[in-house]
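[1] How does the following fold in three dimensions:
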Amino acid sequence: MKIDTHQHFWHYQAQDFPWINAHMPVLQQDRMPADCRSSMQACGIDAVVAVQARGVLDETDFLLGLAAQDPRIVGVLGWADLTGPGLEAQLNHWADHVALRGLRHILQDEPDITTLIGSAAFNRGVASLQKRQLVYDVLVFDRQLPAAVDFCARHDAHWLVLDHVGKPALRDWFSDADVPRRWAAGVRELAAMPHVMCKLSGLVTETNWQQVGVRSMDARVIHACFDQALEAFGPLRLMFGSDWPVCELAAPYASVHRIAQAWATSRLTAQEQEAFWGGNAVQCYGLPLPAAID
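    Numbers count the residues shown, from 1 in each chain. As a prediction, the model looks like this:
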């Protein structure tokens, strides 16, 4: 059983996606589950977790609607205003949707992440999620990891998930010695908290893909980052994610999977590979057991 824990789907409307710019034509179009199905099948991926890409209220209902139509979508990480007075009503509205496994916000694009995640309202919202056994995915750049460490330390009642290995700036990996240092330090601090898991995802678009593409040297650096994540988190708190279709800015689905597959087969035991490809996601997100997925 192989689960891709990080895919995005959308009907493209420019006003809903301020993070998609004119240099990203591959993303400036509808991207739906059927568009990735053949690539998933070729790589042996059986199921997927759909993750929010818009900070608008109907994002969650849109993704839940897709999950209702496609049995391969076994979990949804939606969006809600965690600081808003209507949060509890929204969570009650979604309570009967078994596919909803958590929420996410695009923290990395916030102008002042420290103020937001340090606010009483935001922390009350996350506490409400954890009381309902819903996961919160943490999306930050490596330079924002110190704020994420403080945030994660405050919320240990349920799983938190670090997206994209904390987004190390691989494009500056060799030119700025502070990048690998600050990233590794942040990852170690997060991994010291047993309620934090980590997705090995999203790193191809942190390379210098716009100028040189994803080179073999980049794949080696990605593997080195995966190695450090393994050392810090251990094999039972790591999950595979493709970050499709965003990954296609830099590399096709098959290449992203190949990087992860080569790493997993060379670093993990057979039992640990089963955990990485599926078991850890089932545990963290409370996904249906493999026997329940057709």
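
[2] all contacts plus neighbour counts: C-alpha atoms, from now on.
    Will do.

[3] Quick check: next helix or strand after the helix or strand of the chain with the lowest mean pLDDT?
    The least trusted helix or strand in the chain, going by mean pLDDT, DSSP states H and E, turns out to be helix 209-212, with a mean of 87. Past helix 209-212, further along toward the C-terminus, the next helix or strand under DSSP states H and E is helix 216-233.

[4] so what strands line up beside the helix or strand harbouring Y136?
    Secondary-structure assignment from DSSP H and E places Y136 in strand 135-138. The pairing partners recorded for strand 135-138 under DSSP bridges are strand 100-105 (parallel), strand 160-162 (parallel).

[5] Now find how far off-centre the first one is within its chain.
    Put plainly, it is strand 100-105. The offset between the C-alpha centroid of strand 100-105 and the centroid of the whole chain comes to 10 Å, using C-alpha atoms, centre = their mean, to the nearest Å.

[6] If we go by neighbour counts, what in the next helix or strand after it is buried?
    Heading C-terminal from strand 100-105, the first helix or strand you meet, by DSSP H and E, is helix 113-118. Across helix 113-118, burial judged by 16 or more other C-alpha atoms under 10 Å covers 113-114, 117.

[7] which helices and strands sit right next to the helix or strand hosting Q41?
    When elements are assigned from DSSP H and E, Q41 belongs to helix 33-42. Contacts defined by 3 or more C-alpha pairs under 8 Å, 6 or more residues apart in numbering; DSSP states H and E place helix 33-42 against helix 253-267.

[8] Try it again at 10 Å.
    Here helix 33-42 touches strand 3-7, strand 47-51, helix 253-267, going by 3 or more C-alpha pairs under 10 Å, 6 or more residues apart in numbering; DSSP states H and E.

[9] Which positions within the strand holding Y136 qualify as buried?
    Applying 16+ other C-alpha under 10 Å to strand 135-138 flags 135-138 as buried.

[10] thinking again about what came up before, need the helices and strands packed on helix 33-42 in CSV (columns: mean neighbour count and mean pLDDT).
    Written out in CSV, the entries for these read as follows (neighbours: other C-alpha atoms under 10 Å; pLDDT from 0 to 100):
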stretch, mean neighbour count, mean pLDDT
strand 3-7, 26, 98
strand 47-51, 26, 98
helix 253-267, 17, 98
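
[11] can you redo these as CSV with distance to T207?
    Formatted as CSV, the helices and strands packed on helix 33-42 follow (distance: least, C-alpha to C-alpha, whole Å):
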stretch, distance to T207
strand 3-7, 19
strand 47-51, 22
helix 253-267, 13
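
[12] nearest to F226, of those?
    helix 253-267 (7.9 Å; C-alpha to C-alpha).

[13] Which strands or helices does that closest one pack on?
    helix 33-42, helix 216-233, strand 238-240, helix 270-274.

[14] deepest of these, which one?
    When the helices and strands packed on helix 253-267 are scored by mean count of other C-alpha atoms under 10 Å, the highest mean neighbour count falls to strand 238-240 (a mean of 27).

[15] Quick one: mean pLDDT over the strand holding Y136.
    The predicted model assigns strand 135-138 a mean pLDDT of 98.

[16] Also stretch 181-191?
    Averaged across stretch 181-191, the pLDDT comes to 98.

[17] Which residues belonging to that stretch are considered buried?
    182-184, 186-191.

[18] contact partners of it?
    Counting by C-alpha atoms under 10 Å, 6 or more residues apart in numbering, stretch 181-191 makes contact with 141-153, 160-162, 165-169, 173, 178, 180, 196-198, 225, 228-234, 237, all of which sit outside it.

[19] for it, the distance to its chain's centre please.
    Relative to the mean C-alpha coordinate of its chain, stretch 181-191 is positioned 17 Å out (C-alpha atoms, centre = their mean).

[20] Output it as CSV - backbone C-alpha positions only.
    What follows is the C-alpha trace of stretch 181-191 in CSV, where atoms were taken according to Å, rounded to 0.1, in the frame of the first residue of the first chain:
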residue,chain,number,x,y,z
ARG,A,181,23.0,25.0,9.4
ARG,A,182,19.7,26.7,10.2
TRP,A,183,17.6,24.1,8.5
ALA,A,184,19.2,21.2,10.2
ALA,A,185,18.9,22.9,13.6
GLY,A,186,15.2,23.6,13.1
VAL,A,187,14.5,20.0,12.0
ARG,A,188,16.3,18.6,15.0
GLU,A,189,14.3,20.7,17.4
LEU,A,190,11.0,19.8,15.7
ALA,A,191,12.0,16.1,15.7
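
[21] With that, I have no additional questions.
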